[in-house]
Each structure stands twice: as C-alpha cells, then as structure tokens.
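pasting the sequence and the predicted coordinates here, then a few questions.
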Protein chains: 2
Amino acid sequence: MVPKVVFGEGCFDQLSTILTSQKQEKAPFIYLVDDTFKNNTQFLDRINLRFNDKLLFVSADEEPKTRQVDEMVKNIKTEFTYLPSGIIGIGGGTVMDLAKAVAIMLNNKGSAADYQGWDLVKKKAVYHVGIPTISGTGAEVSRTTVLTGPVRKLGINSDFTPFDQVVLDPQLTKGVPKNQWFFTGMDCFIHCVESLNGTFLNAFSQSYGEKAYELCLEIFLGDSLSEEESRAKLMMASWHGGMSIAYSQVGVAHAMSYGLGYVLGTKHGVGNCIVFQHLKEFYPKDVALFEQMVAKHNIQIPQGICKDLTSDQMDTMITVALGMVPLWENALGTNWQEVITPEKLKALYLKM
Amino acid sequence: MVPKVVFGEGCFDQLSTILTSQKQEKAPFIYLVDDTFKNNTQFLDRINLRFNDKLLFVSADEEPKTRQVDEMVKNIKTEFTYLPSGIIGIGGGTVMDLAKAVAIMLNNKGSAADYQGWDLVKKKAVYHVGIPTISGTGAEVSRTTVLTGPVRKLGINSDFTPFDQVVLDPQLTKGVPKNQWFFTGMDCFIHCVESLNGTFLNAFSQSYGEKAYELCLEIFLGDSLSEEESRAKLMMASWHGGMSIAYSQVGVAHAMSYGLGYVLGTKHGVGNCIVFQHLKEFYPKDVALFEQMVAKHNIQIPQGICKDLTSDQMDTMITVALGMVPLWENALGTNWQEVITPEKLKALYLKM
C-alpha cells in the first residue's frame, strides 16, 4: 500500500517540501508529465525544477509499453551519473504506470518485460511519487503497473510497485475533456462491479469496493454535487476502487478489454466501456446503470471496432483475453472454461 | 499510512513468513501480547518464537503510560545486545499503542513523554507489526499512539508511528467479552460521528468515515450478518474509522473522554460511551442511534462515576479536556470557547 498521501484542493504545492527530505546530492528528480500540460505554463510554473532536475513530457495517446520504459531508463542512465533521487509521475493511469515502471527498472536489471507477472521484482524501486490529474484508474494506489510487452499485456505486480507518496489534489483534474472524464471514471465503476460480483471477494475489498461504487453512482447519476465536490469525490472513488481490486480481482470486462488493448491499442478506459455495454449476461443490474450514465452524460461509445479484424487478429485477441486466468476465475469461478469458450468470446467481440 | 496489510480468517499464520524477511541476526523479535491470551495455549502455540525471540504479556487493564513504555524499552535494551529485529503487538488498542511507542523509543533518546505531540520524533522506529484482537480503536492504522504521561494524555503523532505491517485476522476477535466488544466498537462509531460532523471534514476523511459509520450501523443495529461476517466487517469498520480520523479529527466525546481517562483511568472505549450518551446537544441523531444500540445489545453503561470527584480532580479533568484544542475546533469551529466553558463542562461531567 501507499505509505504516504496528502489530499486537498491545492495540495500540489506541498510537493517541493515533500521532496526536500528525499533529495540526494547531485541526483536529480525526474518528472514525467502528461503532455496535455505542455502549453499550460500556469501549471508548469508550479513545478520547481532545481539543479539538474528534469521534466519529460509523456504522451498518453497510447497505452504504456515495456520498450518505452526500457528506453526511458536507458536515457536517464546515460544522461545522469547518479541514480535519480526520485521519479514523479504527473498525469493519468498511463503516466503513473510509466513512472512506477521506470522507478522499478532503474534499480533492476534487464527489460521491464522480464518482470511482467507477480512478485518478480527483486530490488526496491527508486523513490517515486504519483500525482493523478484524472481519476478512475486506481493506478495511484495499486501495486501493479500495466504494460504492453512483446508477448503480453500484463502488470508488474510487486511490493515495490506502489508509490512511496501520492498527492491527491482534485484541482488538477479540472479541465479534463468530458469523454475522458467519463471513460476513466467508468474504469473505476467497472472495477468495482467486477470486484463486488467476483468469487474472490472478501470483507476488506468489499468495504472499499462498496464505497467507490456508491461514490460513482453519486457522481455519475446524482444531481446534488457541485463540480468541486464531484472532482474530490471521484478522486476518492478512484482511490477506494484501486484498493478494492488490490485485494481481490477484476473480471470479464477487464479481461476482454486487455484483448482490445493488445490488438487494437484501445485505451483502457474506453475499452472497458466498449466491452461492458455487452455484458448484461454477467452484470445485468450494473450494465443497466451504466446505460443510464451513458445516456445522462450523452456519451458516444465507439461502435464496430472489431468488424474489420483479420482472423489472426481475432485469434490473438481471444488468446490474450483467455490468458487472464485469475480474472476469469474471479468472475465465474473455477469452472470458468465451461462458460467462456473461444467461440463465445468471438461472438461477444463481434458485437463491439 | 500502513504500507503493508494482510487480511482474512486465519491469515495470522502468515506472520512467520512475513517476519522472515525482517530478521536480523542475533536481534530478537519482541512480542507484546495482551495477557488475556495467557492461558490460551492453542493461540500461543501459533506464535513461532525462534532463537532469542521474546514474548511479553501486557495487561490492558489500564490505559498505556509513558513510564510503562520507558520501562519496557529499558528492559529490552538491558537484556539484549542488539536492537530488536521488530516489535509485534498482539491485542487491542492499549497493546498496539504500546508496541508502536516501544518501537519508536528503541530508536529515540529520552522518555516517551518528550515526544507526546505532533511530529517530534526524529528517528525511524524499529520495524513494528500490529495484530488487532479486538476491533474499534483504529490503533492498527493510525499515526498516533495515545499515552498517559506525567502532564498530559496525548498521542505521539508522527510519520514513524504507523505500523510497517498489519495483520487483520477476524478470527482473532472471537471470544471478546460482549461489553468490551460493544465499547470498543463504539469507539469507532463515535470517531466517525465526530469526524463526519466536524469542521475539518474533507472528501478523503468523509469517504472513509461514511463507510465505517455504515458498517457500524449494519453490525450493531442490523440483523442480517452471521457472526463471522460481523467480525470481519467490524475489523474493516475499525480500519476505515481510523483512516477517517487520521485526516480529520475527533470531537467533543473524545476530548471529554480524555479527561475521564486522565483523572479516573477510565478506559477509552467505555469512557467515550459514558460521555457520548450526554451529547444530544452536539450530535442529536447519532446519540439517538447510540441509545438504540445500547438497548438492542442490553449494555449497562457505568453511571455516577464523577459524583465523588474532589474539586481538584474536577478542575484537572476540565483542564485536560479543554486542552484538546484541535478536537474542540473541529467539533465547534474557531469560536468553540464561546460554546464550551469550564462551567458547561463541569455540568456535563456531573451527569456522568
């Protein structure tokens, strides 16, 4: 779990003070910042670069990749004599996952792809800080960093993955485009549905999952919140949703969404939504609620994205999705293979 | 915050594995265990003492004291050449607070009393693990350890106070006497009421506080839970309640309960209940719910405990309670002194 967190409107400005105690002489802080902030000088001016600190803009247009991590690590090691004092990720799930992975790989040999899986990381990561600027993925609190590698899309799940410090400043999520706000928020809602309806559920995950789920309903279906309240509550929903799945698992939507992501590069949030609308069979009550949210916020979910797939692509998509064994077990129990066959998955994908 | 936690019925048996990675040669693990387990050989057999590890039984009859901490630290330093590999607290709030304080004081000079306050601890504590065997105080998750010192009852609040690891095994709370179960559970309920109705409230604390509050209602007023579910949910209520107040504050009941504890040694949980029943003026809806819970579980709350106080004792009680400035500010705002006068407090105490 994340050992330190600050929360509140404007708390981003505590960052300099927080970092002071972590500064090692000659060792820079490296800031990975979502490139949507590239022209936001007002925000960039609030980042205090000192001495040899470095700011790198990162595009979140694509899902994060193991080779992208390897390249960043190589560049940092080439440019600086000393390992960084810390890595600070400022952005959405993509940027936060990159920051976590880079921090790990600065202290571990080989390629990030070698560590995709559970508890394969041997050495402590470099100090790393997560600062979400969009809410829903739970990447700020999770013990994974989901990466697309040469053979799979899978997280580096380890005790060394979670951030050492998180800064939760709801102000930073102002100005997120509506679609992105919705799709990323739905990542949280869908997490929670999958966790709460899963066979791995326990009282720990349930308490977090229920709270996040309630907050999502309040935010996306209610009418009583101010924009400021809504931003703060969505930030907390993301946090609790992330905690819920840290101690249970996700389910059908995430397994299928990983398939879309691997083959088509579909971003995780929108991918979950594309899948979820077709999962009435598995989550009837919650798909109905989801449809209400889509209608209320007038969101267009992309359609027909699988209609032009080659049969090789379809096979790969199915293989990737079926490979997510713990997710299927959680969703459908140990006999999941009787319910989910390659044919069944193909039929579902063809609807999307 | 606590960086590592395991949860689940029977997860206590993971302790040996967890400790293996922390073992330093020749440096013992010291177990502080609530002395209610003294004759429970079945449980004690599950604690694997190895080499020079030591188990100390601790009485939780009285609230923990700074001089008790100082004495334990002195004894440990006298007996062992090396600082312990870790301190493991197994018990309720008293034992967990002692474990946290001993872990801190093994690495910091002077008396525990020197560190009562906020952020006075300079050096990292020895590795410490919290294992609650009763639920409600939130001591397993908080960044404080409340101690009665020579001049005040106040916590050692610091970044080094929280446990490095917590083991949440609801099975361990089996067999807690009914009164203690109720009073300790009410500590959580009252935390949450104070946090949710306080002026320091924010979306972070609110989300945790609301979840813990809901769980308390389900446990203490509902009829649908099995004993096993109820134990697991109360453990989570305690956890979330502790998180809620870590980022906000408690209020009137805790301030007045500290007065009772300081002068009469009243245990924290029962003290809160003694006070809370008389706080209709401040928390009307929740005092009514509290009365329902008391009636449903047929609990006798001690009466008349202040009627024989000397006037010196009463003055001290009032001074201690009024000294809890942040609690009053949270409960009543910056003008709290206009509402709470020594006379008002005296009148309230005389009802108890």
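Cool, got the structure. Numbers count the residues shown, from 1 in each chain, chains lettered A, B, ... in the order given.

break chain A down into its structural domains.
Here the domain parsing of chain A from automatic domain parsing is A:4-173, A:178-350.

export those to a markdown table and append columns for distance to chain B.
Glycine gets a C-beta too; all of them are placed from N, C-alpha and C. Putting the domains of chain A into a markdown table (distance: least, C-beta to the nearest C-beta, whole Å) gives the following:
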| stretch | distance to chain B |
| --- | --- |
| domain A:4-173 | 4 |
| domain A:178-350 | 4 |
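
ok, which of these comes nearest B:Arg46?
Comparing those against B:Arg46 with C-beta to C-beta, the closest turns out to be domain A:178-350 (20.9 Å).

am I right that A:Leu309 sits in a helix?
No. The assignment for A:Leu309 is coil, going by DSSP: H, G, I helix; E, B strand; the rest coil, so no helix is present there.

got a list of what it touches?
The contact partners of A:Leu309, by C-beta atoms under 8 Å, 6 or more residues apart in numbering or on different chains, come to A:Val263, A:Met317, A:Tyr349.

just the buried subset of these, please.
Burial by neighbour count, judged by 16 or more other C-beta atoms under 10 Å in any protein chain shown, picks out A:Val263, A:Met317, A:Tyr349 from the contacts of A:Leu309.

what pLDDT does A:Ala246 get?
According to the per-residue confidence, A:Ala246 scores 87 in pLDDT.

I figured it hits A:Gly155, correct?
No. Applying C-beta atoms under 8 Å as the test, A:Ala246 and A:Gly155 come out as separate, 11.2 Å apart.

which of the three states applies to the residue lying closest to A:Gln171 once chain neighbours are set aside?
With sequence-adjacent residues excluded and distances taken as C-beta to C-beta, 6 or more residues apart in numbering or on different chains, A:Gln171 is closest to A:Glu9, at 4.9 Å. The three-state assignment at A:Glu9 reads coil, by three-state DSSP.

buried residues in stretch A:203-217, which are they?
For stretch A:203-217, the neighbour count (16+ other C-beta under 10 Å) marks A:203-216 as buried.

nearest to A:Val141 among those?
Distance ranking of these against A:Val141, using C-beta to C-beta, places A:Tyr208 first at 9.7 Å.

let me know the secondary structure of A:Met73.
Quick fix: residue A:73 is Val, not Met. Applying three-state DSSP: A:Val73 is helix.

that one and A:Lys109: what is the separation?
As judged by C-beta to C-beta, to the nearest Å, A:Val73 and A:Lys109 stand 10 Å apart.

higher neighbour count, the two?
Neighbours were tallied for A:Val73 and for A:Lys109 using other C-beta atoms under 10 Å in any protein chain shown; the higher tally belongs to A:Val73 (20 against 8).

element containing A:Asn330, please.
helix A:325-332 (DSSP states H and E).

next one: A:Thr94
For A:Thr94, the enclosing helix or strand under DSSP H and E is helix A:93-105.

from the chain's centroid, how far away is whichever helix or strand comes after that helix?
The C-terminal neighbour of helix A:93-105 among helices and strands, as given by DSSP H and E, is strand A:117-118. Between the centre of strand A:117-118 and the centre of its chain there are 16 Å (C-alpha atoms, centre = their mean, to the nearest Å).

now for strand A:117-118, which elements pack on it?
Applying 3 or more C-beta pairs under 8 Å, 6 or more residues apart in numbering or on different chains; DSSP states H and E, one finds that strand A:117-118 contacts strand A:153-157.

so for the strand it packs on, mean pLDDT?
Strand A:153-157 carries an average pLDDT of 90.

list the strands paired with that strand, with their directions.
When sheet partners are counted by DSSP bridges, strand A:153-157 sits next to strand A:117-118 (parallel), strand A:146-148 (antiparallel).

okay, those, which one's buried deepest?
Comparing these by mean neighbour count (mean count of other C-beta atoms under 10 Å in any protein chain shown), strand A:146-148 ranks first with a mean of 23.

which residues of chain A fall in helices?
When secondary structure is read from DSSP state H, chain A shows helices at A:15-20, A:41-44, A:66-79, A:93-105, A:178-196, A:203-221, A:227-246, A:252-264, A:268-276, A:284-296, A:311-322, A:325-332, A:336-339, A:342-350.

deepest in the core, which of those helices is it.
Comparing the helices of chain A by mean neighbour count (mean count of other C-beta under 10 Å), helix A:93-105 ranks first with a mean of 29.

confidence score at the closest residue to A:Gly265 other than its chain neighbours?
Distance criterion C-beta to C-beta, 6+ apart; nearest residue to A:Gly265, sequence neighbours excluded, is A:Glu62 at 5.9 Å. As summarised for this prediction, A:Glu62 has a pLDDT of 90.

what about A:Glu62, how many residues close to it?
Here the count is done by other C-beta under 10 Å, and A:Glu62 has 12 residues near it.

can you pull the contacts of it?
For A:Glu62, the set of contacting residues under the criterion of C-beta under 8 Å, 6+ apart consists of A:Thr94, A:Gly265, A:Lys267.

please apply the same query to A:Ser205.
Listed by C-beta under 8 Å, 6+ apart, the contact set of A:Ser205 reads A:Ser195, A:Met243, A:Ser244, A:Ile245, A:Ala246, A:Tyr247, A:Ser248.

residue contacts, the closest residue to it other than its chain neighbours?
Nearest residue to A:Ser205, sequence neighbours excluded (C-beta to C-beta, 6+ apart): A:Ser248, at 3.8 Å. When contacts are counted by C-beta under 8 Å, 6+ apart, A:Ser248 touches A:Ser195, A:Gly198, A:Phe200, A:Leu201, A:Asn202, A:Ser205, A:Gly209, A:Asn330.

and the second one, how far from A:Cys192?
It refers to A:Gly198. Counting by C-beta to C-beta, the gap between A:Gly198 and A:Cys192 amounts to 10 Å.

out of the strands paired with strand A:153-157, flag the one nearest A:Ile87.
strand A:146-148 (15.3 Å).

rounded mean pLDDT for that closest one, please.
The predicted confidence, averaged over strand A:146-148, sits at 92.

list of residues touching it?
By C-beta under 8 Å, 6+ apart, the surrounding residues in contact with strand A:146-148 are A:63-66, A:69, A:93, A:97, A:101, A:112-113, A:116, A:139, A:153-156, A:261-262, A:268.

can we see that at 6 Å?
When contacts are taken as C-beta atoms under 6 Å, 6 or more residues apart in numbering or on different chains, the neighbours of strand A:146-148 outside the stretch itself are A:Glu63, A:Pro64, A:Lys65, A:Thr66, A:Asp97, A:Gly155.

quick check: phi and psi on A:Gln22?
The phi and psi torsions at A:Gln22 (degrees, to the nearest 10) take the values phi -100, psi -10.

so who does it touch?
A:Gln22 touches A:Ser85, A:Gly86, A:Tyr127, counting by C-beta under 6 Å, 6+ apart.

leaving out the residues flanking it, which one is nearest to A:Leu19?
Of all residues not flanking A:Leu19 in the chain, A:Phe29 sits nearest, at 6.1 Å (C-beta to C-beta, 6+ apart).

same question, A:Lys267
A:Glu63 (6.4 Å).

so what's the backbone phi/psi at the one you found?
Given degrees, to the nearest 10, the pair of backbone angles that A:Glu63 has is phi -70, psi 150.

ok, it to A:Lys122 distance?
For A:Glu63, the distance to A:Lys122 under the criterion C-beta to C-beta works out to 26 Å.

which one's more surrounded, those two?
Using other C-beta under 10 Å, the more surrounded residue of A:Glu63 and A:Lys122 is A:Glu63, with 21 against 11.
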